[in-house]
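Novice: sequence first, predicted coordinates after that:
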Amino acid sequence: MSQQDADPVLGPRRYRNAEAMLAAADPAWLAAEAHGLIGIKVDSQSNNRLTVRETGHEFANMVSCAYLGLNNHPSVAAGAVDALTESRSTWLVTSTTRIRHNLLVRLEEELGELFGSHILPGASCTSLTAGILPLIASGHLGGEGKPRVMVFDRFCHFCMAYVKPICADESLVLSCPHNDLNYLEDVCRKYPRVAYVADGAYSMGGAAALDGLLELQDRYGLFLYIDDSHSLSIMGERGEGFVRSRLRANPLTVVVASLGKGFGTGGGVAMLGDRAQFEFLHRHAGPVGWSQNMALPLVGASLASAAIHRSPELKDLQAKLNRNIELFDRLLPTAFAGNGLPVRRVDVGEAEAAVKLSAQLFERGFYSSAVFFPIVPKGEAGLRLMMRADMDESLITRFAAHVKELTAAL
């Protein structure tokens, strides 16, 4: 083959462009590195007290997604030890499509009862998404084998947007302006089968327009695939999350969630509408059935966390979190104040200002994430913060005072 006959090497770049992304983002990441804001190595005594061993610098973690503090709960840690003791193994290291440990089966059953769904576990929420979304696009999950148009919300999490090229090999893929129900309804009118891919509680703040989405599902049979990782455990009578506590499980909805945030352990789950979907995905959802599923210590920790979710302690922890969110909103109102979710952003505009503010706060004993493009749109850089149940009032009050003082001087 001559050079003239060779196929073009450069891809079509319809869904990603690493060259453009790196040119825009890497200077900000390098600035964060220069200010000592990434690659930090610590020892931990609690979520509120991390220590850099080399310098002795202590700081509070204001960006942990352990919203209820269950990652440090003694019962959850003991659950991991119990699972190791019972199984005498870290995991089976065998395709879970073929063989599953009874501890994992027990977790499926207990979470199914807790969240009112059929539960498919995975090594992570990302692996569940990578396995499930292409089967929704092809129409083999809830579509009788006829492809569905895949509409991704512009702000949906990176782990879902990452699967766009694979879905595009099966069906038409569109990107929807954030929470634009008019756009989505126009697509539903034009095509007979449509799926919408979005977050429930967004990782950068805010929530899905759920009431409108349910109306579109009733009217057009819209399939909903929603990642609700940032509200699992913190909302709902039994910690079902923002989405599952507001809709009934049904075959046209898949809710996925990480167990590594409010739930306090690790791995991910898909909440499914019926057992047939579980059996189908168990066979065909690619990485979900590979030999790396949830490790048994995480399964044991998750069983212990599930027990807490069935106890009055869950309500107490949710109430503490809500009080802390309300306190922060009173002290430092942001665009998402009053939405009841724990993620807040303090917008400062340009990436340089965000990095500078984060570095100043770190010097004063608080770690906050400087976020910039492509994490947030260009010109909307700022700090990303998370409230937790295990923060005390004085910590939040001191932090808000520092942010006010420093942002006034930017």
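Specialist: Alright, I've got the coordinates.

Novice: next SSE downstream of the longest helix seen in the chain?
Specialist: In the chain, assigned by DSSP state H, the helix with the most residues is helix 312-331. Sequence-wise, the next helix or strand downstream of helix 312-331 (DSSP states H and E) is strand 343-349.

Novice: for D392, grab the count of nearby residues.
Specialist: Other residues lying near D392 total 10 when counted by other C-beta atoms under 10 Å. In short, each C-beta sits where N, CA and C put it, glycine included.

Novice: tell me how far it lies from N47.
Specialist: Per C-beta to C-beta, to the nearest Å, D392 is found 11 Å from N47.

Novice: how about R275?
Specialist: For R275 relative to N47 (C-beta to C-beta), the value is 38 Å.

Novice: these two: which has the busier surroundings?
Specialist: More crowded of R275 and N47, by other C-beta under 10 Å: N47, with 18 against 10.

Novice: the least confident helix or strand in the chain by mean pLDDT pairs with which strands, parallel or anti?
Specialist: Lowest by mean pLDDT, DSSP states H and E among the helices and strands of the chain is strand 43-46, with a mean of 90. Paired strands of strand 43-46, with direction, are strand 49-51 (antiparallel) (DSSP bridges).

Novice: give me the contact list for the partner strand.
Specialist: 42-45, 57-61, 367 (C-beta atoms under 8 Å, 6 or more residues apart in numbering).

Novice: next one: that strand to chain centre, how far?
Specialist: Relative to its parent chain, strand 49-51 has a centroid offset of 24 Å by C-alpha atoms, centre = their mean, to the nearest Å.

Novice: which element follows that strand toward the C-terminus?
Specialist: From strand 49-51, the next helix or strand downstream (DSSP H and E) is strand 58-61.

Novice: that next one: which residues count as buried?
Specialist: 59-61 (16 or more other C-beta atoms under 10 Å).

Novice: send the alpha carbons of the least confident helix or strand of the chain over as CSV?
Specialist: Provided in CSV are the C-alpha atoms of strand 43-46 (Å, rounded to 0.1, in the frame of the first residue of the first chain):
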residue,chain,number,x,y,z
ASP,A,43,-2.2,10.7,56.5
SER,A,44,-5.8,10.9,57.8
GLN,A,45,-7.4,11.0,61.2
SER,A,46,-10.9,11.9,60.0
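
Novice: contacts for it next, please.
Specialist: 50-51, 53, 72, 390.

Novice: using PDB, list the CA coordinates for stretch 69-76.
Specialist: As requested, the backbone C-alpha atoms of stretch 69-76 are provided in PDB (Å, rounded to 0.1, in the frame of the first residue of the first chain):
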ATOM      1  CA  GLY A  69     -19.300  10.400  57.000                       C
ATOM      2  CA  LEU A  70     -20.000   6.700  56.600                       C
ATOM      3  CA  ASN A  71     -16.500   6.100  55.100                       C
ATOM      4  CA  ASN A  72     -15.200   6.500  58.600                       C
ATOM      5  CA  HIS A  73     -18.000   4.700  60.500                       C
ATOM      6  CA  PRO A  74     -16.800   1.900  62.800                       C
ATOM      7  CA  SER A  75     -19.500  -0.500  61.700                       C
ATOM      8  CA  VAL A  76     -18.700   0.000  58.100                       C
END
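
Novice: average pLDDT for it?
Specialist: Taken as a whole, stretch 69-76 has a mean pLDDT of 97.

Novice: give me the neighbour count for the closest residue to Q318 other than its chain neighbours.
Specialist: Leaving aside its chain neighbours, Q318 sits nearest to I234 (6.0 Å; criterion: C-beta to C-beta, 6 or more residues apart in numbering). For I234, the number of neighbouring residues by other C-beta under 10 Å comes to 27.

Novice: list the contacts of I234.
Specialist: I234 touches 67-68, 241, 262, 318, 321, 341-342, counting by C-beta under 8 Å, 6+ apart.

Novice: one more time with 6 Å
Specialist: 67, 262, 318, 321 (C-beta atoms under 6 Å, 6 or more residues apart in numbering).

Novice: and for the first one, the neighbour number?
Specialist: For Y67, the tally of surrounding residues (other C-beta under 10 Å) stands at 30.

Novice: and the second one, by the same measure?
Specialist: By the criterion of other C-beta under 10 Å, G262 has 32 neighbours.

Novice: the helix or strand where I132 lies packs against which elements?
Specialist: Assigned by DSSP H and E, I132 falls within helix 125-137. In terms of contacts (3 or more C-beta pairs under 6 Å, 6 or more residues apart in numbering; DSSP states H and E), helix 125-137 is packed against helix 158-161, helix 164-168, strand 253-258, strand 268-272.
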